[in-house]
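S.K.: Predicted model follows, preceded by the sequence.
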Amino acid sequence: MSLSSHIPTTNARAQNVAEMIQMAAASRDPIRRAQILADAQAQLAWAVRSAVDECLGNHSWAQIGQALGLSKESAWRQYDSQGPIVTVKAAQSKASANASSLQPEVAVYAFQADSGEWFGSEDMLPEGQYKTAFMPFNPPDPETNRFAAQTLRARYGPWTGDVSFHTALLVEADGTQRRVRVTDEILNMLFGDGQTALRRALTALVHAAIYSPDVDPTFRELVETAAHVQARSVPAAAAQNGEVRTTAEFVKAIQDVLDAGERSRPRDPRVDLALSRLKSIVVDYTAWARAAQTA
(Lines give C-alpha, C1' and ligand atoms only; values in the text may rest on other atoms or scores of the structure.)
Protein backbone atom coordinates (compact mmCIF):
# COMPACT_ATOMS: atom_id res chain seq x y z
CA MET A 1 0.00 0.00 0.00
CA SER A 2 1.47 3.39 -1.00
CA LEU A 3 2.07 6.39 1.24
CA SER A 4 -0.67 8.39 -0.48
CA SER A 5 -3.23 5.66 0.23
CA HIS A 6 -2.68 6.02 4.00
CA ILE A 7 -2.96 9.81 4.16
CA PRO A 8 -6.79 9.99 3.79
CA THR A 9 -7.16 7.44 6.59
CA THR A 10 -4.88 9.40 8.91
CA ASN A 11 -6.61 12.67 8.03
CA ALA A 12 -10.07 11.19 8.63
CA ARG A 13 -9.12 9.71 12.00
CA ALA A 14 -7.37 12.89 13.12
CA GLN A 15 -10.39 14.96 12.09
CA ASN A 16 -12.65 12.57 13.97
CA VAL A 17 -10.55 13.00 17.12
CA ALA A 18 -10.63 16.79 16.77
CA GLU A 19 -14.42 16.78 16.44
CA MET A 20 -14.80 14.52 19.49
CA ILE A 21 -12.62 16.86 21.55
CA GLN A 22 -14.76 19.80 20.47
CA MET A 23 -17.87 17.86 21.51
CA ALA A 24 -16.34 17.20 24.92
CA ALA A 25 -15.44 20.87 25.34
CA ALA A 26 -19.01 21.91 24.49
CA SER A 27 -20.68 19.42 26.84
CA ARG A 28 -21.73 20.51 30.34
CA ASP A 29 -22.13 16.94 31.61
CA PRO A 30 -18.84 15.80 33.22
CA ILE A 31 -19.67 12.11 32.73
CA ARG A 32 -20.40 12.72 29.06
CA ARG A 33 -17.16 14.70 28.70
CA ALA A 34 -15.17 11.85 30.25
CA GLN A 35 -16.85 9.32 27.96
CA ILE A 36 -16.20 11.35 24.81
CA LEU A 37 -12.56 12.00 25.72
CA ALA A 38 -11.98 8.31 26.48
CA ASP A 39 -13.39 7.43 23.05
CA ALA A 40 -11.22 10.13 21.47
CA GLN A 41 -8.16 8.67 23.13
CA ALA A 42 -8.86 5.29 21.54
CA GLN A 43 -9.43 6.89 18.14
CA LEU A 44 -6.20 8.85 18.50
CA ALA A 45 -4.24 5.62 19.03
CA TRP A 46 -5.60 4.33 15.70
CA ALA A 47 -4.69 7.66 14.06
CA VAL A 48 -1.13 7.22 15.33
CA ARG A 49 -1.04 3.79 13.68
CA SER A 50 -2.17 5.32 10.38
CA ALA A 51 0.53 7.98 10.68
CA VAL A 52 3.12 5.25 11.24
CA ASP A 53 1.85 3.54 8.08
CA GLU A 54 2.77 6.74 6.23
CA CYS A 55 6.30 6.60 7.65
CA LEU A 56 7.09 3.04 6.56
CA GLY A 57 9.49 2.78 3.66
CA ASN A 58 10.90 6.28 4.16
CA HIS A 59 11.88 6.16 7.83
CA SER A 60 13.54 3.59 10.06
CA TRP A 61 11.91 2.12 13.15
CA ALA A 62 14.46 4.01 15.24
CA GLN A 63 13.23 7.29 13.73
CA ILE A 64 9.58 6.29 14.15
CA GLY A 65 10.12 5.25 17.75
CA GLN A 66 11.94 8.52 18.50
CA ALA A 67 9.03 10.51 17.07
CA LEU A 68 6.56 8.58 19.23
CA GLY A 69 8.64 8.70 22.39
CA LEU A 70 9.06 4.91 22.31
CA SER A 71 11.95 2.58 21.70
CA LYS A 72 12.08 1.25 18.14
CA GLU A 73 11.26 -2.23 19.50
CA SER A 74 8.20 -0.98 21.40
CA ALA A 75 6.92 0.85 18.33
CA TRP A 76 7.49 -2.14 16.04
CA ARG A 77 5.89 -4.66 18.42
CA GLN A 78 2.73 -2.54 18.81
CA TYR A 79 2.53 -2.09 15.05
CA ASP A 80 3.14 -5.79 14.42
CA SER A 81 0.23 -6.68 16.74
CA GLN A 82 -2.15 -5.11 14.15
CA GLY A 83 -3.73 -2.92 16.84
CA PRO A 84 -3.62 0.78 17.76
CA ILE A 85 -0.34 2.36 18.89
CA VAL A 86 -0.40 3.68 22.45
CA THR A 87 2.37 5.99 23.60
CA VAL A 88 1.21 6.70 27.16
CA LYS A 89 1.00 4.33 30.11
CA ALA A 90 -1.58 4.35 32.89
CA ALA A 91 -0.17 5.26 36.31
CA GLN A 92 -1.33 4.09 39.70
CA SER A 93 0.02 5.39 42.97
CA LYS A 94 1.24 2.55 45.15
CA ALA A 95 0.25 4.59 48.20
CA SER A 96 -3.35 5.14 47.08
CA ALA A 97 -6.22 3.72 49.07
CA ASN A 98 -7.31 1.58 46.14
CA ALA A 99 -3.91 0.09 45.39
CA SER A 100 -4.54 -3.02 47.49
CA SER A 101 -7.78 -3.77 45.64
CA LEU A 102 -6.20 -3.73 42.17
CA GLN A 103 -6.16 -7.04 40.34
CA PRO A 104 -2.51 -7.84 39.53
CA GLU A 105 -1.53 -8.54 35.95
CA VAL A 106 0.04 -11.87 35.05
CA ALA A 107 3.42 -10.85 33.64
CA VAL A 108 6.93 -12.07 32.91
CA TYR A 109 9.05 -10.43 35.60
CA ALA A 110 12.39 -12.29 35.24
CA PHE A 111 14.26 -14.42 32.74
CA GLN A 112 17.38 -16.58 32.65
CA ALA A 113 19.79 -16.38 29.72
CA ASP A 114 21.75 -19.27 28.20
CA SER A 115 24.68 -18.23 30.39
CA GLY A 116 22.65 -19.11 33.48
CA GLU A 117 22.45 -15.49 34.62
CA TRP A 118 19.07 -14.17 35.80
CA PHE A 119 17.73 -10.78 34.76
CA GLY A 120 14.91 -8.99 36.54
CA SER A 121 13.49 -9.66 40.01
CA GLU A 122 13.69 -13.45 40.01
CA ASP A 123 13.22 -13.76 43.81
CA MET A 124 10.27 -11.36 44.05
CA LEU A 125 7.53 -14.01 44.12
CA PRO A 126 7.70 -16.99 46.50
CA GLU A 127 7.70 -20.61 45.34
CA GLY A 128 4.23 -21.65 44.24
CA GLN A 129 3.13 -18.19 43.09
CA TYR A 130 5.03 -18.18 39.82
CA LYS A 131 5.43 -20.45 36.82
CA THR A 132 8.40 -21.06 34.57
CA ALA A 133 8.26 -21.44 30.79
CA PHE A 134 10.57 -21.25 27.80
CA MET A 135 10.67 -17.94 25.91
CA PRO A 136 12.16 -18.18 22.39
CA PHE A 137 13.63 -14.77 21.64
CA ASN A 138 14.03 -13.55 18.06
CA PRO A 139 14.20 -9.72 18.06
CA PRO A 140 14.08 -7.60 14.87
CA ASP A 141 17.74 -6.57 15.32
CA PRO A 142 19.54 -9.85 16.16
CA GLU A 143 22.98 -8.56 15.23
CA THR A 144 22.94 -6.01 18.08
CA ASN A 145 20.91 -7.85 20.72
CA ARG A 146 22.83 -9.93 23.27
CA PHE A 147 19.90 -12.32 23.84
CA ALA A 148 19.05 -12.92 20.18
CA ALA A 149 18.40 -16.54 19.11
CA GLN A 150 18.37 -17.75 22.73
CA THR A 151 15.62 -19.76 24.36
CA LEU A 152 15.24 -17.93 27.64
CA ARG A 153 13.68 -19.35 30.80
CA ALA A 154 10.97 -16.94 31.91
CA ARG A 155 9.29 -16.62 35.29
CA TYR A 156 5.80 -15.19 35.26
CA GLY A 157 3.06 -14.64 37.80
CA PRO A 158 0.78 -11.99 39.36
CA TRP A 159 2.47 -8.59 39.21
CA THR A 160 1.19 -5.32 40.66
CA GLY A 161 4.03 -3.12 39.38
CA ASP A 162 4.49 -1.53 35.96
CA VAL A 163 3.47 -3.89 33.15
CA SER A 164 4.01 -2.99 29.50
CA PHE A 165 1.55 -3.44 26.64
CA HIS A 166 3.85 -5.93 24.97
CA THR A 167 3.50 -9.70 25.11
CA ALA A 168 6.04 -12.50 24.86
CA LEU A 169 5.42 -15.96 23.43
CA LEU A 170 5.92 -18.57 26.15
CA VAL A 171 6.15 -22.32 25.67
CA GLU A 172 5.17 -24.51 28.63
CA ALA A 173 6.94 -27.79 29.42
CA ASP A 174 4.10 -29.73 27.74
CA GLY A 175 4.42 -27.65 24.55
CA THR A 176 1.43 -25.40 25.22
CA GLN A 177 1.96 -21.90 23.88
CA ARG A 178 0.57 -18.71 25.38
CA ARG A 179 1.25 -14.99 25.21
CA VAL A 180 2.00 -13.14 28.44
CA ARG A 181 2.71 -9.47 29.00
CA VAL A 182 6.12 -8.46 30.31
CA THR A 183 7.06 -5.87 32.92
CA ASP A 184 8.61 -2.59 31.83
CA GLU A 185 11.85 -3.69 33.45
CA ILE A 186 11.99 -6.88 31.38
CA LEU A 187 11.05 -5.05 28.18
CA ASN A 188 13.92 -2.65 28.78
CA MET A 189 16.40 -5.45 29.48
CA LEU A 190 15.38 -7.48 26.44
CA PHE A 191 15.42 -4.67 23.91
CA GLY A 192 16.93 -1.53 25.41
CA ASP A 193 20.31 -0.31 26.50
CA GLY A 194 19.09 0.60 29.97
CA GLN A 195 17.85 3.96 28.67
CA THR A 196 14.29 3.17 27.59
CA ALA A 197 12.73 4.35 30.86
CA LEU A 198 15.13 7.31 30.97
CA ARG A 199 14.15 8.50 27.51
CA ARG A 200 10.46 7.99 28.27
CA ALA A 201 10.71 10.08 31.46
CA LEU A 202 12.58 12.89 29.69
CA THR A 203 9.99 12.92 26.90
CA ALA A 204 7.22 13.32 29.50
CA LEU A 205 9.08 16.26 31.06
CA VAL A 206 9.62 17.88 27.67
CA HIS A 207 5.90 17.68 26.89
CA ALA A 208 4.98 19.12 30.30
CA ALA A 209 7.54 21.95 30.23
CA ILE A 210 7.12 23.16 26.67
CA TYR A 211 3.41 23.90 27.04
CA SER A 212 3.52 25.36 30.56
CA PRO A 213 3.59 29.15 31.03
CA ASP A 214 4.96 28.74 34.58
CA VAL A 215 8.41 27.42 33.68
CA ASP A 216 11.63 29.36 34.20
CA PRO A 217 13.15 30.20 30.76
CA THR A 218 16.56 28.85 31.79
CA PHE A 219 14.99 25.57 32.94
CA ARG A 220 13.00 25.27 29.71
CA GLU A 221 16.15 25.87 27.66
CA LEU A 222 17.97 23.08 29.52
CA VAL A 223 15.04 20.72 28.95
CA GLU A 224 15.07 21.51 25.23
CA THR A 225 18.84 20.96 25.13
CA ALA A 226 18.44 17.56 26.78
CA ALA A 227 15.75 16.66 24.25
CA HIS A 228 18.10 17.67 21.41
CA VAL A 229 20.91 15.54 22.80
CA GLN A 230 18.52 12.63 23.26
CA ALA A 231 17.46 12.81 19.62
CA ARG A 232 21.07 12.91 18.43
CA SER A 233 22.12 10.00 20.67
CA VAL A 234 19.87 7.56 18.80
CA PRO A 235 22.21 5.88 16.26
CA ALA A 236 19.88 6.06 13.24
CA ALA A 237 18.97 9.69 13.85
CA ALA A 238 22.59 10.65 14.43
CA ALA A 239 23.68 8.99 11.20
CA GLN A 240 21.02 10.83 9.23
CA ASN A 241 21.81 14.25 10.70
CA GLY A 242 25.57 13.81 10.82
CA GLU A 243 25.72 14.77 14.49
CA VAL A 244 26.52 12.10 17.07
CA ARG A 245 25.97 12.71 20.79
CA THR A 246 27.31 10.17 23.25
CA THR A 247 25.47 8.48 26.09
CA ALA A 248 27.65 10.44 28.54
CA GLU A 249 26.52 13.71 26.94
CA PHE A 250 22.90 12.57 27.12
CA VAL A 251 23.13 11.71 30.82
CA LYS A 252 24.97 14.98 31.59
CA ALA A 253 22.25 17.00 29.83
CA ILE A 254 19.64 15.30 32.00
CA GLN A 255 21.69 15.95 35.13
CA ASP A 256 21.83 19.65 34.18
CA VAL A 257 18.02 19.64 34.08
CA LEU A 258 17.82 17.98 37.51
CA ASP A 259 20.30 20.46 38.99
CA ALA A 260 18.31 23.41 37.61
CA GLY A 261 15.14 21.89 39.02
CA GLU A 262 16.74 21.64 42.47
CA ARG A 263 17.77 25.30 42.35
CA SER A 264 14.30 26.44 41.37
CA ARG A 265 11.41 23.99 41.73
CA PRO A 266 8.86 24.33 38.88
CA ARG A 267 5.60 25.96 39.98
CA ASP A 268 3.53 23.91 37.56
CA PRO A 269 2.59 20.69 39.43
CA ARG A 270 2.65 18.64 36.22
CA VAL A 271 6.20 19.76 35.45
CA ASP A 272 7.26 19.15 39.05
CA LEU A 273 5.81 15.63 38.96
CA ALA A 274 7.55 14.84 35.66
CA LEU A 275 10.81 16.18 37.08
CA SER A 276 10.50 14.01 40.20
CA ARG A 277 9.83 10.97 38.03
CA LEU A 278 12.89 11.71 35.90
CA LYS A 279 15.06 12.05 39.01
CA SER A 280 13.92 8.63 40.24
CA ILE A 281 14.63 7.04 36.85
CA VAL A 282 18.12 8.58 36.76
CA VAL A 283 18.93 6.91 40.09
CA ASP A 284 17.80 3.55 38.69
CA TYR A 285 19.71 4.04 35.44
CA THR A 286 22.93 4.98 37.27
CA ALA A 287 22.72 1.75 39.28
CA TRP A 288 22.06 -0.24 36.06
CA ALA A 289 25.03 1.39 34.29
CA ARG A 290 27.39 0.53 37.15
CA ALA A 291 26.24 -3.08 37.10
CA ALA A 292 26.62 -3.27 33.31
CA GLN A 293 30.20 -1.98 33.51
CA THR A 294 31.21 -4.62 36.05
CA ALA A 295 29.39 -7.50 34.33
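M.R.: Nice, thanks for sending it over.
S.K.: show me where pLDDT drops low in the stretch 1-150 of the chain?
M.R.: Within the stretch 1-150 of the chain, the ranges that satisfy pLDDT under 70 run 1-8, 89-104, 140-141.
S.K.: could you pull out the helices for it?
M.R.: 3-26, 30-55, 61-68, 72-80 (DSSP state H, counting those that start in this stretch).
S.K.: need the ones you listed in TSV with distance to residue 118, can you?
M.R.: For every residue, glycine as well, the C-beta is placed using N, CA and C. Below are these laid out as TSV (distance: least, Cβ to Cβ, whole Å):
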stretch	distance to residue 118
helix 3-26	43
helix 30-55	34
helix 61-68	28
helix 72-80	21
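S.K.: okay if I get those helices as a markdown table plus mean neighbour count and distance to residue 219?
M.R.: Formatted as a markdown table, these follow (neighbours: other Cβ atoms under 10 Å; distance: least, Cβ to Cβ, whole Å):
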| stretch | mean neighbour count | distance to residue 219 |
| --- | --- | --- |
| helix 3-26 | 14 | 29 |
| helix 30-55 | 17 | 29 |
| helix 61-68 | 20 | 23 |
| helix 72-80 | 21 | 28 |
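S.K.: Mind checking the ones you listed for the one nearest to residue 174?
M.R.: In terms of Cβ to Cβ, the element of the helices of the stretch 1-150 of the chain nearest to residue 174 is helix 72-80, at 26.6 Å.
S.K.: orientation of the closest one relative to helix 30-55 in degrees?
M.R.: Helix 72-80 and helix 30-55 are oriented at 100 degrees to each other (axes from the mean of the first three to the mean of the last three Cα atoms, to 10 degrees).
S.K.: which helices and strands does helix 72-80 pack with?
M.R.: For helix 72-80, the elements it packs on are helix 30-55, helix 61-68, strand 163-171, helix 184-191, judged by 3 or more Cβ pairs under 8 Å, 6 or more residues apart in numbering; DSSP states H and E.
S.K.: Nice, that's everything, thank you.
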